[in-house]
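Engineer: sequence? don't have it. structure:
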Ligand SMILES: Nc1nc2c(ncn2[C@@H]2O[C@H](COP(=O)(O)OP(=O)(O)OP(=O)(O)O)[C@@H](O)[C@H]2O)c(=O)[nH]1
Ligand SMILES: [Mg+2]
């Protein structure tokens, strides 16, 4: 029986795609395959995961569809290696010549992450402090700390970091040549496998840095790392599509000339072949981006229909937004008894979850938890997740959840507001919630400060302040409702229930002709009540 996997593969009879990272340099790539899941990851070139019978590995290239079968080329992985890997999975991990020697030492460097076995690469972080750069919210040290957290979330092991103050980034290598040499020394001393930059790098910078570091080390940037985490975390079809789209858009301008080996094989006679291949690859990638956009559009339409159906029952929708790890999912779980994954890692949630919350007085609202934000959030990710984020722009209230115990809470608030600015949501009422009050040194002082600023303090973990939170949500929702006074005939009991469910009833009176209610209801319900309204308050 053959192994079944989605790896760095290209089917027969189609143009093989250029791998986005230097492949494992092995020969004779030919193997029977069955592709059952396509993903696109910037960590291409590393087979992450266990390559055993019928088990998936991590990476994939475009140009193949799920369900395809045939003879394939696995870039950098010979048949013998793959066969051998069935008994010793770690054999195919690692890079080039180093690979086989690493087998034994590396076996203890696997860890289980999101249900998959991940090879824990050694990473080195690099940050640049550019003078005069506007919109910088985090200091370089804080940004690097966050990058280390991101690396940890992605399953990498951070072995060191460095930073540099620069007037302007070097167009060739982003950092100065002295820094390049310093990092090179660190790479050898610490056995570094991946160097991660805290800012987005151009294709040229990535290539030059990889060359300068010796070719055996991968270079990537913050955006690629975030995309990698999203790729690992995407659990639903829609999230996978969105991540795949963002990854392809990230890769498109970064496709580099990797087909020079063809020129070498042809004795240098086929000049410019590498260049042509890039054009072919770019075309393939563009076609796939187009196909993905179409598929996402159809998912979006479906979502819209679902939302419209939901809107016909006018229960107000309240969306939780905030920095990653602020405690949004914990708050949703606490209020609704849902069991959305909440953990002390970045980007635990990618897919929106909506649950019904009922307040003591009978009023209900829908609470939606969604993807967290981060500073320097890649724009293509915001664009790709627009469908998901649309939920936010159609809600009645945005609850901005802040981890007030975090030393950078204020900067995180600014970073979230920056993303919200991009989402066109300024007309939606907002409520600020300071979460994790239990973790602060002086909760009483924080509470006073919150009151001054109109924020609600709570602890999603122990439930403190939840009642005040629900009251504040209700008050904010009421601001957006229409005051009504209506007489509901006794044979319209259902309607009366709906009013209690989605509106705020302040007075009820039983008269001969029906139940007279005074209160506030959402606009669509107010329209429904028009024939029964006594007068507009
Ligand atoms: N001490 C304390 N910890 C909390 C509180 N709320 C959440 N946490 C913890 O903070 C971590 C992150 O919580 P999540 O609910 O996953 O955060 P999130 O905002 O959904 O994060 P993303 O999904 O990554 O955007 C978890 O380890 C929670 O247990 C709180 O009120 N107090
Ligand atoms: Mg979450």
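Structural biologist: Yes, it's here. Every value quoted in this text rests on a predicted model; they were computed, and no experiment measured them. Ligands and ions are numbered 1, 2, ... in the order given.
Engineer: could I get the contacting residues of the residue sitting nearest the centre point of the chain?
Structural biologist: Residue closest to the mean C-alpha point of the chain, counted by Cα atoms, centre = their mean, is residue 230 at 4.2 Å. Counting by Cβ atoms under 8 Å, 6 or more residues apart in numbering, residue 230 makes contact with 239, 243, 246, 347, 350, 381. Every residue, glycine included, has its C-beta placed from N, CA and C.
Engineer: now the residue nearest to residue 184 when sequence neighbours are not counted: how far from residue 162?
Structural biologist: Once flanking residues are discounted, residue 184 sits nearest to residue 213: 5.8 Å by Cβ to Cβ, 6 or more residues apart in numbering. Counting by Cβ to Cβ, to the nearest Å, the gap from residue 213 to residue 162 is 13 Å.
Engineer: who has more neighbours, the two?
Structural biologist: residue 213 (21 against 16; other Cβ atoms under 10 Å).
Engineer: pretty sure that one is touching residue 186, no?
Structural biologist: No. The pair residue 213 / residue 186 is not scored as a contact, 10.0 Å apart, by Cβ atoms under 8 Å.
Engineer: count of neighbours near the residue in the chain positioned nearest to ligand 1?
Structural biologist: Closest to ligand 1 within the chain is residue 372: 2.3 Å, counting by Cβ to the nearest ligand atom. Per other Cβ under 10 Å, the neighbour tally for residue 372 reads 25.
Engineer: hmm, residue 346 and it touching each other?
Structural biologist: Yes. Judged on Cβ under 8 Å, residue 372 makes contact with residue 346 at a distance of 7.4 Å.
Engineer: residues shared between the contacts of those two?
Structural biologist: 324-325.
Engineer: re earlier: and the pLDDT at the nearest residue to the residue of the chain closest to ligand 1 once chain neighbours are set aside?
Structural biologist: Spatial nearest neighbour of residue 372, excluding adjacent residues (Cβ to Cβ, 6+ apart): residue 324 at 3.2 Å. For residue 324, the model assigns a pLDDT of 94.
Engineer: so what's residue 324 up against?
Structural biologist: So residue 324 contacts 346-348, 372-374 (Cβ under 8 Å, 6+ apart).
Engineer: repeat that with 6 Å
Structural biologist: 346-347, 372, 374 (Cβ atoms under 6 Å, 6 or more residues apart in numbering).
Engineer: and the protein, which of its residues are near ligand 2?
Structural biologist: By Cβ under 5 Å from the ion, the residues of the chain that approach ligand 2 are 329, 348-349.
Engineer: need the buried ones from these selected in PyMOL.
Structural biologist: Typed into PyMOL, the line below selects the buried ones among those, using 16 or more other Cβ atoms under 10 Å:
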select buried, resi 329+348+349
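Engineer: quick one: which of the residues of the chain next to ligand 2 sit in helices?
Structural biologist: Residues of the residues of the chain next to ligand 2 located in helices (DSSP state H): residue 329.
Engineer: in JSON lines: the residues of the chain next to ligand 2, plus pLDDT.
Structural biologist: Converted to JSON lines, the residues of the chain next to ligand 2 look like this (pLDDT from 0 to 100):
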{"residue": "329", "pLDDT": "94"}
{"residue": "348", "pLDDT": "82"}
{"residue": "349", "pLDDT": "83"}
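Engineer: pick the one among the residues of the chain next to ligand 2 closest to residue 360.
Structural biologist: The nearest member of the residues of the chain next to ligand 2 to residue 360, counting by Cβ to Cβ, is residue 329 at 23.5 Å.
Engineer: and residue 433, that's in a helix?
Structural biologist: No. Assessed with DSSP: H, G, I helix; E, B strand; the rest coil, residue 433 is strand; it does not lie in a helix.
Engineer: what about it, distance to residue 407?
Structural biologist: Applying Cβ to Cβ to residue 433 and residue 407 gives a distance of 19 Å.
Engineer: and the two? Which one has more around it.
Structural biologist: The neighbour comparison of residue 433 against residue 407 (other Cβ under 10 Å) goes to residue 433, with 27 against 10.
Engineer: pairing partners for the more buried one in the sheet, please.
Structural biologist: residue 401, residue 456 (DSSP bridges).
Engineer: quick one, what contacts it?
Structural biologist: Neighbours of residue 433 in contact, by Cβ under 6 Å, 6+ apart: 399, 401, 456.
Engineer: just among these, which is most surrounded?
Structural biologist: Going by other Cβ under 10 Å, residue 401 tops these with 28 neighbours.
Engineer: my guess is that one contacts residue 330, does it?
Structural biologist: No. Contact criterion Cβ atoms under 6 Å: residue 401 and residue 330 do not qualify, at 9.1 Å.
Engineer: separation between the residue nearest to residue 372 and residue 386?
Structural biologist: Distance, residue 324 to residue 386, using Cβ to Cβ: 18 Å.
Engineer: neighbours around the closest residue to ligand 2 within the stretch 51-200 of the chain, how many?
Structural biologist: Nearest to ligand 2 in the stretch 51-200 of the chain, going by Cβ to the ion, is residue 153, at a distance of 12.5 Å. Look at residue 153: counted by other Cβ under 10 Å, it has 24 neighbours.
Engineer: the chain should start at 440 in everything you say after this.
Structural biologist: Taking 440 as the first residue, the last one we looked at is residue 592.
Engineer: which residues sit in contact with it?
Structural biologist: 668, 784-785.
Engineer: near ligand 1, which residues of this protein?
Structural biologist: By the rule Cβ under 6 Å from any ligand atom, the part of the chain lying against ligand 1 is 761, 763-769, 781-783, 785-788, 811, 874-875, 877-878, 898-900.
Engineer: could you pull out the buried residues of the stretch of helix or strand residue 887 belongs to?
Structural biologist: Using DSSP states H and E, residue 887 maps to helix 882-892. Neighbour-count burial for helix 882-892, counted by 16+ other Cβ under 10 Å, picks out 882, 885-886, 889.
Engineer: ok, stretch 961-968 next?
Structural biologist: So, applying 16+ other Cβ under 10 Å, buried residues of stretch 961-968: 961, 964-965, 967-968.
Engineer: which one of those residues sits closest to residue 951?
Structural biologist: Among these, and counting by Cβ to Cβ, the member closest to residue 951 is residue 968, at 19.2 Å.
Engineer: was I right about that closest one contacting residue 927?
Structural biologist: No. Using Cβ under 6 Å, residue 968 is not in contact with residue 927; the gap is 7.9 Å.
Engineer: mind checking which of the residues of the chain next to ligand 1 are buried?
Structural biologist: Here, 16+ other Cβ under 10 Å leaves 761, 763-769, 781, 785-788, 811, 874-875, 877, 898-900 buried among these.
Engineer: mind checking which of the residues you listed are in strands?
Structural biologist: 761, 874 (DSSP state E).
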